[in-house]
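Undergrad: Provide a 3D model corresponding to the input given below.
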Amino acid sequence: MPSLYNQALQELSTVFDRIDEKAVDAAVGAISNAGRIALYGVGREGLQIKGLAMRLYHLGLKVSVVGDMTTPPVGQGDLLIVSAGPGSFSTVIGLMGEAKSAGAKTLVITAQPNGQAALRADHVLAIPAQTMADDRGPGTSVLPMGSLFEGAQYVLFEVMVLKLKERLGISPESMRANHTNLE
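TA: You can find the predicted model right below:
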């Protein structure tokens, strides 16, 4: 029997074998073309979204996390990135509506490309991984609940940052210069 580590890594590998690279590149394009970028996610998905926000900031992009006091308004030319692994959260739907009414575009990161949030989005990036919406029954991940989706988000977001870094011509030194010194 393979170790739990190897099982988890194999499951993550299977997710990336099935991901739509064109959708990843389209998401990277939407991010690189955005004026301001606001990000939102709940629970552990929210933690991954905050990590992506930090990396986008390191790239020198105008980025904020919804809910922070310093989040500016979004409008024409801006992008709201939301995570809705199971397909929908009421807060995600509400924020998408506000952003769209202000003229901003929306990018949904989800495991449910036919979910309520994805159907309302301008851009959809589907991660083919288990979430809490489908974590019961045979064939489920060795990882609990939505951990496979959340782990895949981490890897995906770092690869997207690498693609953005190259697309925007950002050096490692420039990224490092944007890292906080208050740790």
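Undergrad: Isn't residue 102 up against residue 74?
TA: Yes - with contact defined as Cβ atoms under 8 Å, residue 102 counts as touching residue 74 (5.7 Å). Glycine gets a C-beta too; all of them are placed from N, C-alpha and C.
Undergrad: Which of these two has more residues huddled nearby?
TA: Between residue 102 and residue 74, counted using other Cβ atoms under 10 Å, residue 74 has the larger neighbour count: 25 against 13.
Undergrad: which residues touch the more buried one?
TA: Going by Cβ atoms under 8 Å, 6 or more residues apart in numbering, residue 74 touches 36, 38, 80, 99, 102, 104.
Undergrad: Quick check: nearest residue in space to it, chain neighbours excluded?
TA: Among residues not flanking residue 74 along the chain, residue 104 sits closest, at 4.0 Å (Cβ to Cβ, 6 or more residues apart in numbering).
Undergrad: Could you tell me how far that neighbour is located from residue 19?
TA: 25 Å (Cβ to Cβ, to the nearest Å).
Undergrad: can you check residue 8 too?
TA: Residue 8 is 17 Å from residue 19, by Cβ to Cβ.
Undergrad: again, but for residue 49
TA: 18 Å.
Undergrad: Looking at the two, which is more packed in?
TA: In this view residue 49 and residue 19 are compared by other Cβ under 10 Å, and residue 49 has more residues nearby, 22 against 19.
Undergrad: which SSE is the more buried one in?
TA: When elements are assigned from DSSP states H and E, residue 49 belongs to helix 43-58.
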